[in-house]
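Colleague: Next comes the sequence, and after it the predicted model I'd like to discuss.
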Amino acid sequence: METIIYRKSDKFIVGYAFPRRTVSQTDAAIQEEMNNVLNSELGGVAEDYDMISIEKSTVMGKELYINDTGEAAFRDKEDSRAAARLSANIKLKGLGLNDEEIKSLIGD
């Protein structure tokens, strides 16, 4: 099984660890990936992140994401762009930008 590491606050997938020949090698790979995340620009502490195991992390034409219940799911790539655009629009409005300013940043 593949291990997906994601940030709890926004369900952003930050890392993948793939199975190795032995359980101890797989566990070491997961720990190494977590260390890489913590030492990256994402930073934070291990408690900021969570992990789930899934059978397969790729499906042709689909994008993996973590849903609101903390489960891995797939969506069409076009749907993910629309969802990201809507999310960005809401967050930018929350910061006080008007529609014209937002359009100049993220487009239609």
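Modeller: Done, it's in. Numbering: from 1, shown residues only.

Colleague: Listing request: residues of the chain with sub-threshold pLDDT.
Modeller: Applying pLDDT under 70 to the chain flags residues 79-80, 107-108.

Colleague: which non-adjacent residue is nearest the residue nearest to the spatial centre of it?
Modeller: Ranked by distance to the mean C-alpha position of the chain (Cα atoms, centre = their mean), the top residue is Ile13 at 1.9 Å. Sequence neighbours aside, Tyr6 is the residue nearest to Ile13 in space, at 4.9 Å (criterion: Cβ to Cβ, 6 or more residues apart in numbering). In short, each C-beta sits where N, CA and C put it, glycine included.

Colleague: So what does the one you found have for phi and psi?
Modeller: phi -140, psi 150 (degrees, to the nearest 10).

Colleague: For Phe18, see how far away it is.
Modeller: According to Cβ to Cβ, to the nearest Å, Tyr6 stands 16 Å off from Phe18.

Colleague: which of the two has more neighbours?
Modeller: Tyr6 (21 against 12; other Cβ atoms under 10 Å).
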